[in-house]
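Q: following is a predicted model, sequence given first.
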Amino acid sequence: MGAVLIYVSKITGRQVRKVAHMRPMDHSGREWTADPDTFQPLRPISLPVPDSGTHI
């Protein structure tokens with residue numbers, strides 16, 4: 001992902017929408033956009049936190 005553009009209403013000052021701009025790592029020159037709220041990580045960002053009732 002290269003950048004996320006956030007559109008804000010000039011009238012209300014509220015966020016209207018977000019658009020993620022992406023470029024593939026293979027340098028093919030293709031670019032595309034998507035809703036950043038639909039992305040999911042390919043692998044966990046951090047280790048899972050144990051349940052508070054679990055004793056190790």
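A: Done, it's in. Numbers count the residues shown, from 1 in each chain.
Q: which residue would you name as the spatial centre of the chain?
A: Pro36 (4.1 Å; CA atoms, centre = their mean).
Q: for Arg17, the count of nearby residues, please.
A: 10 (other CB atoms under 10 Å). (Glycine included, C-beta is placed from N, CA and C.)
Q: residues in contact with it?
A: Residues near Arg17 by CB atoms under 8 Å, 6 or more residues apart in numbering: 6-7, 35.
Q: okay, now the sheet partners of the lowest-mean-pLDDT helix or strand in the chain, with direction.
A: The weakest-scoring helix or strand in the chain, judged by mean pLDDT, DSSP states H and E, is strand 32-34 (a mean of 87). Sheet pairing of strand 32-34 (DSSP bridges) gives strand 15-22 (antiparallel).
Q: how about the residue nearest to the centre of the chain, what does it touch?
A: 1, 4, 18-20.
Q: helix/strand/coil for Gly29?
A: State at Gly29, reduced to three classes by DSSP: H, G, I helix; E, B strand; the rest coil: coil.
Q: any figure for the gap between it and Ser9?
A: 33 Å (CB to CB, to the nearest Å).
Q: element containing Ile6?
A: In this structure, Ile6 sits in strand 3-8 according to DSSP states H and E.
Q: can you give the distance of that strand from its chain's centre?
A: When distances are taken as CA atoms, centre = their mean, to the nearest Å, strand 3-8 is centred 11 Å away from the chain's centroid.
Q: neighbouring strands - and their directions - for that strand?
A: strand 15-22 (antiparallel).
Q: list the buried residues in the partner strand.
A: Using 16 or more other CB atoms under 10 Å as the burial criterion, the residues of strand 15-22 that qualify are Ala20.
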